[in-house]
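[1] The following block contains a protein sequence and its predicted model.
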Amino acid sequence: MNQDPKDRILKAAIQLWAEKGYDQATMRELARRVGMNASGLYQHFAGKEAIVQHFYTELNAACRAAFDVEGPSGDVGADLERFLRLKLSRLDGHRSAATGLLREAIDPGSPLSPLHPDSDDTLRGNIDTFAAWVEHAGLATGPAALDLARGLWLLHIGVLVFWLHDTSEGAVLTDRLLQRVRNLGQVLPFLGMVPGAGGLFALFGDLLDARRAPVEVEPARTDVDEEVDVLVIGGGPIGCLTAGFLKQQRPSTRVVVLEASDEPAYKVGESTLSGFCKALRTLGIRQEALQALFTTKNGLGFTWAGEGRHAHDAETYVLETFDETFQVERRPLELLLHQHLERMGIE
């Protein structure tokens, strides 16, 4: 039986993230590993973030299915412990990949943050599960059950982070923590009696609502009504280099770059060329900045040594080393260029 393409892609992606880290892994390399071209891969997933969301969906669905074999026990602490042990057993072989995803999860602006709107389905699925446990145990109903479920979700995230940092033999510290989670069921019935506790988890709901509320932003300028010396149309790499070199040659010139969107036109990984890296250095962007942001791709060049030589003769070619090149993604590259242009006084 042929494996589902999405499952095959997910398996290869997890392995790639474990080897190279989520940040350094590219969709192009993933496509090579699964024997697809880039366009074929994008037919299944819009990008790396979509693969991660699929991973979370599959993980939580598998955990809920395994949990539902016995169903909720009426002891919320014991239920949460069992659910967490099921999840950790499935994550145990993916610790390296999960560590890289955690770095993305704590970034409030990342689509992989559990509080980001793109993660709504995963978040609400877990919270709804926990709310069902709370109601089954008779601890609360309605909004109160939802608030308590949000608190359980926060606790469950805390346990996952604890496990990622646990280097003890056999994760014995995590095991002890889970035993204490089980005792939580004895405390939950009395939580409503603690002054202020009733609204504690409701604040988490307020946070979610605030993050999903429309953000009022100043409309982007669609024209330039002030006098400028040079107007560069397009804030891509070539437009940025053009504006930067012009400003270097004529510092007093007022240069403005117009870009229609803050999103790059191409989302697949791209390679820089040696000449492009030299241009960036000439503009004042240090090689160390590129090394910190992107994956290095070393290149070699063979130069013709002279006439009267046979092409198959090893001495016909003189080996030269080129400047290192990089596998880049357009958005971080363009952000780097835009910030550098601003420091140069370009608008």
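    Received it, and whenever you're ready, just let me know what you need. Numbering: from 1, shown residues only.
[2] use CA for all of it now, contacts and neighbours both
    OK.
[3] you'd agree Asp107 is in a helix?
    No: read with DSSP: H, G, I helix; E, B strand; the rest coil, Asp107 is coil and lies in no helix.
[4] what's the helix or strand for the residue nearest the centre of the chain?
    The centroid of the chain falls nearest to Glu104 when counting by Cα atoms, centre = their mean (4.5 Å). Glu104 is part of helix 95-105 when elements are defined by DSSP states H and E.
[5] Check which residues of the helix or strand following that helix are buried.
    Beyond helix 95-105 on the C-terminal side, the first helix or strand identified by DSSP H and E is helix 120-136. Buried residues in helix 120-136, defined by neighbour count with 16 or more other Cα atoms under 10 Å: Thr122, Leu123, Asn126, Ile127, Asp128, Phe130, Ala131, Ala132, Trp133, Val134, Glu135, His136.
[6] Look up how far Ala279 lies from the nearest residue to Val230 once chain neighbours are set aside.
    Counting by Cα to Cα, 6 or more residues apart in numbering, the nearest residue to Val230 once its immediate chain neighbours are dropped is Val255, at 4.9 Å. In this view, Val255 and Ala279 are 19 Å apart by Cα to Cα, to the nearest Å.
[7] out of those two, which sits in the more crowded spot?
    Val255 (20 against 14; other Cα atoms under 10 Å).
[8] Return the residues in contact with the more buried one.
    Val228, Asp229, Val230, Leu231, Val232, Ala243, Lys247, Ile346, Glu347 (Cα atoms under 8 Å, 6 or more residues apart in numbering).
[9] Got a quick PyMOL command for the buried subset of those residues?
    Selecting only the buried entries of the contacts of Val255 in PyMOL, with 16+ other Cα under 10 Å as the criterion:
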select buried, resi 243+247+346
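[10] Nearest to Gly151 among the contacts of Val255?
    Gly151 lies nearest to Glu347 out of these, by Cα to Cα, at 45.9 Å.
[11] which ones are touching the closest one?
    So, once contact is read as Cα under 8 Å, 6+ apart, Glu347 ends up touching Val255, Val256, Val257, Leu341.
[12] Nearest to Leu59 among these?
    Nearest to Leu59 among the contacts of Glu347, with distances taken as Cα to Cα, is Leu341, at 43.3 Å.
[13] would a markdown table of the buried residues of helix 120-136 with distance to Gly151 and pLDDT be doable?
    Output for the buried residues of helix 120-136, formatted as a markdown table (distance: Cα to Cα, whole Å; pLDDT from 0 to 100):
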| residue | distance to Gly151 | pLDDT |
| --- | --- | --- |
| Thr122 | 16 | 80 |
| Leu123 | 12 | 81 |
| Asn126 | 11 | 80 |
| Ile127 | 9 | 83 |
| Asp128 | 12 | 84 |
| Phe130 | 9 | 80 |
| Ala131 | 10 | 82 |
| Ala132 | 14 | 82 |
| Trp133 | 13 | 80 |
| Val134 | 11 | 78 |
| Glu135 | 14 | 81 |
| His136 | 17 | 80 |
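[14] Can I get those residues in a markdown table including distance to His54?
    Below are the buried residues of helix 120-136 laid out as a markdown table (distance: Cα to Cα, whole Å):
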| residue | distance to His54 |
| --- | --- |
| Thr122 | 9 |
| Leu123 | 13 |
| Asn126 | 15 |
| Ile127 | 18 |
| Asp128 | 19 |
| Phe130 | 21 |
| Ala131 | 23 |
| Ala132 | 24 |
| Trp133 | 25 |
| Val134 | 27 |
| Glu135 | 29 |
| His136 | 29 |
